[in-house]
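J.: Got a sequence here, can you model it:
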Amino acid sequence: MDITQIIMSQLGDNGLEAMANKIGADKNQTAKALEGAVPTLLGAMSNNTSSESGASGLLGALDRDHDGSILDDVMGFIGGGDDSKGAGILSHVLGSKQPAVESGLSQKTGLNSSQIGNLLKMVAPLIMGYLGKQKKEQGSGFDLGGIAGMLGGMAQTSDKNTGLDLGDILNVVGGLSGNNSGNSQSGGGIGGMLGKLFGR
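T.: Numbering: from 1, shown residues only. All right, here's what the predicted structure looks like:
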């Protein structure tokens, strides 16, 4: 499943326009940036949930705060002006790597880092809302043992369908040395690269 396309369809033209207006960009730039933001965040979440405590934390957050209702009123969420929920998710998922991620996506998409940051604050709760809805409706894979792999698969699916070279983005932002050897531009998919980028 490609969460990027699902979120795009939930937004529709009006939602994408509202999001573009809020960050001060045009619709095409915003759509392009979304294609980079969604798999990047999914990959980071996958890496964070590779530990039992991380998986438990994410699953608990989905149960507490993300039931999917945000997707029923996307326009209301975008126009609401409260970025605190998105900022909190980004702080937890990206941590100290957030500025580097914003810079890397900025260089690839043409938006500035501030615009990328504001976009990520809107995208993160939408992703969590989608995951929360899926957990409530299906449950399959949403457990301590399965969540990391499931998120990694979602990240790779979204990455394959984007027009962006996210491997290049991650090379731009750095932090790819990690513990894995080999050329970071080849193989492994975005999950492997993000594992290095967001490795603690």
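J.: what about stretch 47-58, average pLDDT?
T.: What stretch 47-58 shows for mean pLDDT is 88.
J.: what's the longest helix in this structure?
T.: helix 113-137 (DSSP state H).
J.: Are there helices or strands packed against that helix, and which ones?
T.: Packing partners of helix 113-137 (3 or more Cβ pairs under 8 Å, 6 or more residues apart in numbering; DSSP states H and E): helix 3-23, helix 27-48, helix 52-65, helix 74-80, helix 84-93, helix 98-109. For the C-beta atoms, the positions are set from N, CA and C on the backbone; glycine is no exception.
J.: what's the last one packed up against?
T.: The criterion is 3+ Cβ pairs under 8 Å, 6+ apart, and the helices and strands that helix 98-109 contacts are helix 27-48, helix 113-137, helix 166-173.
J.: same question, the first one
T.: Secondary structure elements in contact with helix 3-23, counted by 3+ Cβ pairs under 8 Å, 6+ apart, are helix 27-48, helix 74-80, helix 113-137, helix 147-160.
J.: ok, back up a step: of the helices and strands packed on helix 113-137, which approaches Asn161 most closely?
T.: Across the helices and strands packed on helix 113-137, Asn161 has its closest neighbour in helix 3-23 (6.7 Å, Cβ to Cβ).
J.: tell me the angle the closest one makes with helix 27-48.
T.: Going by axes from the mean of the first three to the mean of the last three Cα atoms, to 10 degrees, helix 3-23 is angled at 120 degrees with respect to helix 27-48.
J.: Pick the most deeply packed of the helices and strands packed on helix 113-137.
T.: Of all the helices and strands packed on helix 113-137, helix 27-48 carries the top mean neighbour count, a mean of 24, counting by mean count of other Cβ atoms under 10 Å.
J.: list the contacts for Gln98?
T.: Leu90, Ser91, Gly117, Leu120 (Cβ atoms under 8 Å, 6 or more residues apart in numbering).
J.: nope, Ala37 is what I was after
T.: Taking Cβ under 8 Å, 6+ apart, we find Ala37 in contact with Leu105, Ile116, Leu119, Leu120, Val123.
J.: for those residues, which one is nearest Met75?
T.: Lowest distance from Met75 to the contacts of Ala37 (Cβ to Cβ) belongs to Val123, with 15.1 Å.
J.: Same list (the helices and strands packed on helix 98-109) but as TSV, adding distance to Ser96.
T.: Below are these laid out as TSV (distance: least, Cβ to Cβ, whole Å):
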stretch	distance to Ser96
helix 27-48	12
helix 113-137	14
helix 166-173	12
